[in-house]
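>>> generate coordinates for the sequence data below:
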Amino acid sequence: QVQLVEFGGGLVQAGGSLRLSCTASGRTLISLYDMGWFRQAPGKEREFVACINQSGRDTFYLESVKGRFTISRDNAKNIVYLQMNSLKPEDTAIYYCASSGIGTCPSSTRSNYNFWGRGTQVTVSS
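Residues are numbered from 1 along each chain as shown. The predicted structure is shown next:
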């Protein structure tokens, strides 16, 4: 079973930046999977934010974060990043990392992602 851990969340003012990271515990190799980031704001459904394919060559984004967020991966370090710039209060949510089989990305469907981290809180103040 893949066990994912996110870190890097926090409190930031609007217009600021944060970089989230996701890695795997144990001997799990993130390099074997497509990876995605989702988020869930209070009272809302969990929504797709971005995904990156196994090689790192292809990325896809939620329309509202295009140009502000960048997903990337370093397979040698077994880590996936979500660089978030120009943050807005509406970006406030718990952010989750998820893994899926190769070929899943660009899917934004939650059920296509098999394993999930516990999330990290991002709060953007106005």
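
>>> dump the residue contacts of the most centrally placed residue in the chain.
Closest residue to the average C-alpha location of the chain: residue 37 at 2.4 Å, with CA atoms, centre = their mean. Contacts here follow CB atoms under 8 Å, 6 or more residues apart in numbering; on that basis residue 37 touches 20, 22, 49, 50, 51, 71, 80, 82, 95, 96, 97, 98. C-beta here means a position set from N, CA and C on the backbone, and glycine is covered the same way.

>>> residue 66 now?
Here residue 66 is in contact with no residues (criterion: CB under 8 Å, 6+ apart).

>>> what about it, distance to residue 1?
33 Å (CB to CB, to the nearest Å).

>>> buried subset of the contacts of residue 37?
Buried members of the contacts of residue 37, counted by 16 or more other CB atoms under 10 Å: 20, 22, 49, 50, 51, 71, 80, 82, 95, 96, 97, 98.

>>> of these, closest to residue 32?
Nearest to residue 32, judged by CB to CB, of these is residue 80 at 12.3 Å.

>>> what helix or strand is the closest one located in?
Using DSSP states H and E, residue 80 sits within strand 79-84.

>>> so which elements touch the following helix or strand past that strand?
The first helix or strand that comes after strand 79-84 along the chain, using DSSP H and E, is strand 93-100. The helices and strands touching strand 93-100, judged by 3 or more CB pairs under 8 Å, 6 or more residues apart in numbering; DSSP states H and E, are strand 4-7, strand 18-24, strand 34-40, strand 115-116, strand 120-125.
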